[in-house]
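Asks: model the following, please.
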Amino acid sequence: MTTTGAGADAPSVADAVEPPVVTDHDHGIHGYHHQKDEHLKRLRRIEGQIRGLQRMVDEDVYCIDILTQVSASTKALQSFALQLLEEHLRHCVADAALKGGSEVDAKVEEATKAIGRLLRT
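Replies: Next up, the predicted model:
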């Protein structure tokens, strides 16, 4: 702080620098962290569907019935992926945007590539 001729405190240029923003992301907490148990439960259910597919093939179940289960399993994985992507955008990309700089461009590019991979499936 510097003082004026009247003795009042006035902020100096050094006081105007804001401290760096620290977020959950800096502590290794990812966007899905708060729903981790829910996600694991969902993935275990999908794992059960895949095991069911193996059982169906082993038991020589009709092709169309197996394909119906494949479709259901695929949709379940796609739904999980979309939720994870949304959490990534809300947490990781938003965190980078809050901090500014080139990191936000990298996070947006990373998310765009992930969306592209999801669309190809």
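Asks: could you measure from the spatially most central residue of the chain over to residue 64?
Replies: By CA atoms, centre = their mean, the chain has its centre lying nearest to residue 88, at 2.1 Å. Residue 88 is 36 Å from residue 64, where distance means CB to CB, to the nearest Å. Quick note: C-beta positions are derived from backbone N, CA and C, even for glycine.
Asks: check what pLDDT residue 70 gets.
Replies: Predicted confidence (pLDDT) at residue 70: the value is 97.
Asks: neighbours around it, how many?
Replies: For residue 70, the neighbour count with other CB atoms under 10 Å is 14.
Asks: show me what contacts the spatially closest residue to it that is not a sequence neighbour?
Replies: The shortest distance from residue 70 to any non-neighbouring residue, by CB to CB, 6 or more residues apart in numbering, is to residue 53 (6.5 Å). Going by CB atoms under 8 Å, 6 or more residues apart in numbering, residue 53 touches 66, 69-70, 73.
Asks: tell me the buried residues in whichever strand or helix holds residue 53?
Replies: Element membership for residue 53, per DSSP states H and E: helix 36-58. If you call a residue buried by 16 or more other CB atoms under 10 Å, then helix 36-58 has these buried ones: 39, 42, 46, 53, 56.
Asks: ok and the helix or strand following that helix relative to helix 36-58, angle-wise?
Replies: As assigned by DSSP H and E, the chain's next helix or strand after helix 36-58 is helix 63-88. If you take axes from the mean of the first three to the mean of the last three CA atoms, to 10 degrees, helix 63-88 sits at 160 degrees to helix 36-58.
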